[in-house]
Every structure is written in structure tokens, then in C-alpha cells.
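*Asks:* Sequence below, structure please.
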Amino acid sequence: MPAASEAAGRPRTWRPLGVRIVGITGGVFLFVIFVAVWVLLPESVQEDFDLFQRITAIVLGIGIASVFWALLRARVEVSDQGLVVVNGYKRRDFEWAQVIAVRLPRGAPWAVLDLADGTTCSVMALQGSDGPRAHAGVEAIREHL
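*Replies:* Okay, the predicted model is just below:
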């Protein structure tokens, strides 16, 4: 087991547990249901779908999958150099000097970073519904401030 000083220098990553469970199981469930419905439709009904309708169904499935994927990408990486916050398809890199505070108020959906330029940044990886896991991530960020 590494010494505490060695572990402190390594980056640590947090991801939302509840969102990942719901996203993965929901995505698999929807895929299985859509495939099962298509297979169980009588062949005469399947033949009534023209090319445009089939393409529309596929594009809709890809759109739903891209939303699930965006939710599953949420993470925050804490290192000695700074923070990397990924919310959906947007990645933001912060140096420690840019971060003034991190908050996760009771009842809040996720943590929020207060930045030196007066703006804030949501940290969707630290979900309030994850309880102690999220508070551990907030405390790890606060240790670097």
C-alpha cells in the first residue's frame, strides 16, 4: 500500500453513482424493449415501414443514446495541478488559483465551484443524491484550496 504522501499526489476521479446506474440500466432496457417490439411485430407490419420511417427510428435511437452517453460522461478529476470538470460533452480545466470555493448545499442537485472571475461552474459528477460519496469529493477539492 502506498504511503499517504504518494497517494496525495495522484489524481482522483469522481463520477456520479446514481446517474451511472440509471443511465446504463435504462439504456440497456430501452434497447432491449425496442428490439423486442420490432421482432415481435408481424412481418406484414414490419413491411409497412418505409425507408424514411426506419431511418427516423434509428436516428431517434442514436439521439437517445447520445443523451445517455452525455450523462454517463460526467466526472471531476482532482490533481495537484487543478481540476478537470466534465459535464456532458463539455470539458473545463481549472487551475487551483481559479477556484475560490466549492459548495454542495443540502438539497442541491450537484456541487458548484465558485470561480475567481465571479462565475460558477456546476460539477455534475458530485451529485447530492450520492450522499457521502459526493461529500468526500467536495472535501477532497476543499483540501486543495
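*Asks:* going forward, measure contacts between C-alpha atoms and count neighbours the same way
*Replies:* OK.
*Asks:* Figure out the helix or strand that the residue of the chain most remote from its centre lives in.
*Replies:* No residue in the chain sits farther from the centre than S44, which is 41.4 Å out by CA atoms, centre = their mean. Using DSSP states H and E, the element containing S44 is helix 43-48.
*Asks:* which ones are touching the residue most central in space within the chain?
*Replies:* Most central in the chain under CA atoms, centre = their mean is A74, positioned 2.4 Å from the mean C-alpha point. Going by CA atoms under 8 Å, 6 or more residues apart in numbering, A74 touches 15-16, 85-88, 124-125.
*Asks:* do W14 as well
*Replies:* By CA under 8 Å, 6+ apart, the residues touching W14 are 75-77, 125-126, 137.
*Asks:* how about a cut-off of 6 Å?
*Replies:* Going by CA atoms under 6 Å, 6 or more residues apart in numbering, W14 touches 75-76.
*Asks:* That one and W96, how far apart?
*Replies:* 17 Å (CA to CA, to the nearest Å).
*Asks:* Now do H144, the pLDDT please.
*Replies:* pLDDT for H144: 87.
*Asks:* Report how many residues lie close to it.
*Replies:* Counted by other CA atoms under 10 Å, the residues lying close to H144 total 14.
*Asks:* State the distance from it to V39.
*Replies:* Taken as CA to CA, the span from H144 to V39 is 54 Å.
*Asks:* How about I33?
*Replies:* Counting by CA to CA, the gap from I33 to V39 is 10 Å.
*Asks:* Next: R103.
*Replies:* Where V39 is concerned, R103 sits at a distance of 49 Å (CA to CA).
*Asks:* Just the CA atoms of stretch 87-95, as CSV, please.
*Replies:* Taking only C-alpha atoms (Å, rounded to 0.1, in the frame of the first residue of the first chain), the coordinates of stretch 87-95 have been written out as CSV:
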residue,chain,number,x,y,z
ASN,A,87,-20.4,17.9,-17.7
GLY,A,88,-22.0,16.1,-20.7
TYR,A,89,-19.9,16.9,-23.7
LYS,A,90,-18.2,19.9,-22.2
ARG,A,91,-14.8,19.7,-20.5
ARG,A,92,-13.4,22.6,-18.4
ASP,A,93,-9.9,22.7,-17.0
PHE,A,94,-9.2,24.8,-13.9
GLU,A,95,-6.0,25.7,-12.1
